[in-house]
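> Provided below are the primary sequence and the corresponding predicted coordinates.
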Amino acid sequence: MEELSITKSGEIYELEAINTVLAEKSLAHFVKQAWEQVEPETQLIWGWHLDAICDHLQAISAGQISRLIINVPPRHTKSLSVSVMWPCWEWISRPGIKWLFSSYAHDLSLRDSAKCRRLILSDWYQGRWGDRFSITSDQNQKVRFENNHAGYRLASSVRGQNTGEGGDRIVCLPYDTLVVTSCGDIEIGDIVDNRLDVSVLSFNHELGVEEYAEIEEYKKNPARDLLEIELEDGSTLTCTEDHEIYVDGKGYVRAIDLEIDDGVFVQD
């Protein structure tokens, strides 16, 4: 068997071309090749769980499935695969895709968004796919950046005006949304699944004060498209289009009907 020996520049370029094609066709190959650009000081230890994550994300991109929940322990490369690598990979062939990412922590969303943008702007990525699209200069921030094909990646919150945003790919954790209760902050999914006997912090509009209210009903809704509501104080809310939100001077309105500059109540 002949050993592969790369001694000529032409052979190096040929190998790079092969790897580029493999990365375009397979998200798993893309993650392996792009890893050094994102985590240069950390060795990638590949496992079957990463094959499973990449296969299912690629199935979403191919239109084979539309909804996916990934449950793996921390430090298993879920965030890097989903929030950083996947958008970069899909923009190679479909730069018009709009991405909406929501996380329980503003800092985590900014971290992943910054890594995603750095990967796209890296010499490695630009040298292979820089001709497919370009990041627009007028919207190039950590929380939101857009390309010249009308695609964008939006993080969970931004220090700006109130907006209601949608996306072709909505990546969020509504089950893990923390709710302020009489027993501390608890995930809403835990409250509903276990029918926890807690009171939930609410706002009494007649008295103009916060108060704890008893839960009247526990209910799970079928999976539906989500919107993200971004507030100028950096907080965020992920909800369905028909979720009602109290707006100063208007009363309760559906999330889909919110307008820029609407004033909403935010718990400190």
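Yes, it's here. Numbering: from 1, shown residues only.
> show the pLDDT at residue 222.
In this model, residue 222 is scored at 56, pLDDT.
> apologies, that question was intended for residue 193.
Value for residue 193, per-residue pLDDT: 81.
> do you know how far it is from residue 186?
Separation of residue 193 from residue 186 (C-beta to C-beta, to the nearest Å): 11 Å. C-beta: built from backbone N, CA, C; applies to glycine.
> so what's the residue count around residue 179?
15 (other C-beta atoms under 10 Å).
> assumed it was part of a strand.
Yes: per DSSP: H, G, I helix; E, B strand; the rest coil, residue 179 lies within a strand segment.
> contacting residues for the nearest residue to residue 22 once chain neighbours are set aside?
Distances taken as C-beta to C-beta, 6 or more residues apart in numbering put residue 29 closest to residue 22, at 4.3 Å, once the chain neighbours are dropped. Contact criterion C-beta atoms under 8 Å, 6 or more residues apart in numbering gives 19, 22-23 as the residues in contact with residue 29.
> ok, now residue 16?
By C-beta under 8 Å, 6+ apart, residue 16 has no neighbours at all.
> helix or strand for it, which one?
Taking DSSP states H and E as the criterion, residue 16 maps to helix 9-25.
> and the helix or strand just after that helix with helix 9-25, angle?
Of the helices and strands lying after helix 9-25 in sequence (DSSP H and E), the nearest is helix 27-38. Here helix 27-38 runs at an angle of 120 degrees relative to helix 9-25 (axes from the mean of the first three to the mean of the last three C-alpha atoms, to 10 degrees).
> show me the helices in the stretch 1-150 of the chain, by range?
Listed in chain order, the helices of the stretch 1-150 of the chain (DSSP state H, counting those that start in this stretch) span 9-25, 27-38, 48-61, 78-79, 86-93, 106-121, 123-129.
> figure out which of these is closest to residue 232.
helix 106-121 (12.8 Å; C-beta to C-beta).
> please name every helix or strand in contact with the closest one.
Judged by 3 or more C-beta pairs under 8 Å, 6 or more residues apart in numbering; DSSP states H and E, the packing partners of helix 106-121 are helix 27-38, helix 86-93, strand 98-101, strand 135-140, strand 144-147, strand 152-154.
> now do the buried residues in the last one.
Judged by neighbour count (16 or more other C-beta atoms under 10 Å), strand 152-154 contains these buried residues: 152-154.
> I'd like these laid out as a markdown table, including distance to residue 258 and pLDDT.
Putting those into a markdown table (distance: C-beta to C-beta, whole Å; pLDDT from 0 to 100) gives the following:
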| residue | distance to residue 258 | pLDDT |
| --- | --- | --- |
| 152 | 19 | 89 |
| 153 | 21 | 90 |
| 154 | 16 | 81 |
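> one step back: residue 110 versus the residue nearest to residue 22, what's the distance?
The value you get for residue 29 to residue 110, if C-beta to C-beta is used, is 28 Å.
> isn't residue 228 up against residue 100?
Yes: using C-beta atoms under 8 Å, residue 228 makes contact with residue 100 at a distance of 5.7 Å.
> before we move on, the earlier item: now, which of the buried residues of strand 152-154 sits nearest residue 122?
Using C-beta to C-beta, residue 153 comes nearest to residue 122 of the buried residues of strand 152-154, at 15.4 Å.
> can you give me the pLDDT of the nearest residue to the closest one once chain neighbours are set aside?
Leaving aside its sequence neighbours, residue 153 sits nearest to residue 99 (C-beta to C-beta, 6+ apart; 4.3 Å). Residue 99 carries a pLDDT score of 88 in this model.
> is it true that residue 99 touches residue 147?
No: applying C-beta under 8 Å as the test, residue 99 and residue 147 come out as separate, 10.8 Å apart.
> between those two, which is the more surrounded one?
The residue with more neighbours, out of residue 99 and residue 147, is residue 99; 23 against 20, by other C-beta under 10 Å.
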